[in-house]
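# Let's see this in three dimensions:
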Amino acid sequence: METNIYWLWLINFPFQLISADLLGPYPRSKNGNQYLLVVVDWFTKFCVVHPMAKATSRAIIKFLENQVFLIYGVPQIFVCDNGPQFRSTEFQNILREYKVQKIWYNARYHLQINATERQNRVLVTAIPSYITDNHKTWDVSIHKVAQAIRLAKHDVTGHSPA
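This is a model prediction of the structure:
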């Protein structure tokens, strides 16, 4: 998989390049969730989140297909880490099936490589604001947290992702 940085200068429209990352495991919520999938569009900085009970390739594929690809469009470039969920044959097959042109894997954990890592820092600091004394409710307001991030003016673009 090619990782030429020059592609970043060719990002011209929303959801042309997206990245995904998993947060967790968190304390198992009352809904049975322990992980949070975060997907970020590099053009607008729009983020989509999805609480998950298990961090499996199948669960990630189902969410990406139904809640990202079929709603916002299929990206030309997909960036993720080297987690086994993203390296699986099943995951690579779905990206090939949808004709994603480039798949970039981060060589190592490095905050500047993946735009999702920046969103993760914001999410990790915002989640405690919505939790009272019960840590098993971290996933109850996660979509409200994501919407607050989408509505806030982004420092890089000068606009809200929404």
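# switch to C-alpha atoms for all contacts and neighbour counts from now on
OK.
# got any ranges where the chain has weak pLDDT?
For the chain, applying pLDDT under 70 flags the ranges 1-9, 107-114.
# what about 90?
Counting by pLDDT under 90, the chain shows low-confidence ranges at 1-11, 26-27, 81-82, 104-138, 140-141, 144-145, 148-149, 152-162.
# who touches stretch 65-76?
Phe15, Gln16, Leu17, Ile18, Tyr98, Lys99, Val100, Gln101, Lys102 (Cα atoms under 8 Å, 6 or more residues apart in numbering).
# Pro51: which of those residues is nearest?
Here the nearest of the contacts of stretch 65-76 to Pro51, counting by Cα to Cα, is Ile18; it sits at 18.3 Å.
# For that closest one, which three-state class applies?
The assignment at Ile18 comes out as strand when based on DSSP: H, G, I helix; E, B strand; the rest coil.
# before we move on, what about Asp155?
coil.
# same question, the one 5 residues further on
Classification of Ser160 into helix, strand or coil gives coil, according to three-state DSSP.
# That one: what's it in contact with?
Thr44, Arg150, Leu151, Ala152, Lys153, His154 are the contacts of Ser160 under Cα under 8 Å, 6+ apart.
# hmm, who's touching the host helix or strand of the second one?
It refers to Arg150. Using DSSP states H and E, Arg150 sits in helix 142-151. By Cα under 8 Å, 6+ apart, the list of residues contacting helix 142-151 from outside reads 45-49, 51, 123, 126-127, 130, 160-162.
# Tell me the one of those residues nearest Arg28?
Pro51 (10.7 Å).
# On the strand side of things, show who the closest one bridges to.
Leu36 (DSSP bridges).
# Run the chain-centre distance for stretch 121-136.
18 Å (Cα atoms, centre = their mean, to the nearest Å).
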